[in-house]
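Turn this into a structure:
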Amino acid sequence: MNLREKMLAMLDSTRVEEFHGVSAEILIPVSRAIMFKANVYIWADIDLHVYVRLLKSWGLNVHRVVSFMPKDFQKVDDVEVISPAELFQDKTPNKFFFVDACAYPMKNPAAFWNEQMKILQPLGVYLMDNNDRQGMVFNAPPFDIDKLHYYQSHKKDLMELFDSLADETSKRALYFYVESFIRNCIYRGEQHPTRLKYFFGGKYERLYKHLDGECWINCGANIGDTVFAYLSFDFKPKKIYAFEGDKKIYDVMLENLSLLPPDKRALVEPINQMIDEQTDFEKILAGNKCTLLNADIEGAELKLLHAMEKIIRADRPVMAMCVYHFKEDILSIPQFLQSICPDYIFYLRKHTSYHGHWKKTGEMVLYAVPVERSVLTPPPRSILIVVRDKKISNDIMAARNLAA
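Sure thing, here's the model as predicted:
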């Protein structure tokens, strides 16, 4: 099975990862339920997808999910979600219950179940305590239902993005990124050093041609770390516009910039400003041509691109955009860029995340490179996608002829 086939299969997956061995105590009721060929009911309010998928992976017939809390969905995968009231009208035989005791809105769930045994006539009931819960769902944030549903319902768009990426490294990055939300697992793909973010791929891999006299708009400059990294590679920019919206962080950046050699410090214009669709970048550039643009601005990346659409069309900068803040970013950002610069080449590179980010899905960067600054000659056919509701431009036709 090739990577594309694996991607398609993964998007249809109903499996989650078993992070580590679960308790012997829970394996006994699991085995009993299998031996009895029981109809298994899970009574819980959170982590429903994890419970359903994990118990199914062990061979249980998961028949219903019971929840006190109203849900905006009627099924978890193919398992119906019912209320306690509906449960007591349910005449299904051979019931076996796994109950998340931690989430119960009652003081003594064991006593409650002893009272209900005669009514429900279950083959058995297993009350999962906190140790069981951590063993099954891992000591981590709840299963990200929003991203799971979004990615599985946008399969066609994800596969179009997959096909548009310029190399196998990019395709693997997309595969493992989406997999981490579909299967609730840690990102297992390649990761590249943080210091190289925006400028290189792995091991100083050149994703685009660096220019002397680069005019760089650095959005989310933080404390100046990316400015220092860029200058440490001995690049020779004309101007760096370092945007940082948080005033306290901006002040730290000013202190750090004072540590630069005077000739390099003179290249940097720090700007304390939040970015939105109304930001006047033409005024800020003051006639300079933008040749490099990056952004890690907590989900405002698409607003930045809308604000800079005219400049992007005219100046054709290399762009390095973070696409991990919102579930839509991995699709909406490349789709927008394809609509305004359809002959660009797209790469995905995953850079190392902060240690506290348990899924390791942070720092996913989309690199959008104009054909004239590409390290690939000719540009791959996979980037030549006709954008919906857009007339094919002369630039695309020229690129298509070149690729042929």
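
quick one, helices of the stretch 251-400 of the chain?
The residue ranges that make up the helices of the stretch 251-400 of the chain, judged by DSSP state H, counting those that start in this stretch, are 262-265, 281-285, 301-307, 309-315, 329-340, 394-403.

who wins for proximity to Asp78 among those?
Set against Asp78 and scored by Cβ to Cβ, the helices of the stretch 251-400 of the chain come closest in helix 329-340, at 25.7 Å. Heads up, the C-betas are built off the backbone N, CA and C, glycines and all.

Now tabulate the helices of the stretch 251-400 of the chain in JSON lines and tack on mean neighbour count, distance to Leu123 and mean pLDDT.
Output for the helices of the stretch 251-400 of the chain, formatted as JSON lines (neighbours: other Cβ atoms under 10 Å; distance: least, Cβ to Cβ, whole Å; pLDDT from 0 to 100):
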{"stretch": "helix 262-265", "mean neighbour count": "11", "distance to Leu123": "73", "mean pLDDT": "96"}
{"stretch": "helix 281-285", "mean neighbour count": "15", "distance to Leu123": "67", "mean pLDDT": "95"}
{"stretch": "helix 301-307", "mean neighbour count": "21", "distance to Leu123": "52", "mean pLDDT": "96"}
{"stretch": "helix 309-315", "mean neighbour count": "15", "distance to Leu123": "62", "mean pLDDT": "97"}
{"stretch": "helix 329-340", "mean neighbour count": "19", "distance to Leu123": "44", "mean pLDDT": "97"}
{"stretch": "helix 394-403", "mean neighbour count": "14", "distance to Leu123": "64", "mean pLDDT": "39"}
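
In JSON lines, list these along with distance to Pro109.
Conversion of the helices of the stretch 251-400 of the chain to JSON lines gives the following (distance: least, Cβ to Cβ, whole Å):
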{"stretch": "helix 262-265", "distance to Pro109": "64"}
{"stretch": "helix 281-285", "distance to Pro109": "58"}
{"stretch": "helix 301-307", "distance to Pro109": "45"}
{"stretch": "helix 309-315", "distance to Pro109": "56"}
{"stretch": "helix 329-340", "distance to Pro109": "40"}
{"stretch": "helix 394-403", "distance to Pro109": "63"}
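
Longest helix of this protein, counting residues only.
The longest helix of the chain (DSSP state H) is helix 168-182.

coming back round to it: now for the helices of the stretch 251-400 of the chain, which one comes closest to Cys102?
Taking Cβ to Cβ as the criterion, Cys102 comes closest to helix 329-340 out of the helices of the stretch 251-400 of the chain, the separation being 32.7 Å.

can you list contacts of the closest one?
154, 157-158, 161, 164, 174, 177-178, 299, 301-302, 305-306, 309, 312-313, 319, 321-324, 344, 346, 364, 366, 368, 385, 387, 390 (Cβ atoms under 8 Å, 6 or more residues apart in numbering).

quick one, what contacts Leu267?
Contacts for Leu267 (Cβ under 8 Å, 6+ apart) come out as 231, 237-240.

again, only this time at 6 Å
For Leu267, the contacting residues are 237, 240, by Cβ atoms under 6 Å, 6 or more residues apart in numbering.

How about the one 4 residues further on?
Residues in contact with Ile271 (Cβ under 6 Å, 6+ apart) are Phe243.

what is it paired to in the beta sheet?
Under DSSP bridges, the beta-bridge partners of Ile271 are Phe243.

Thanks again, I'm all set now.
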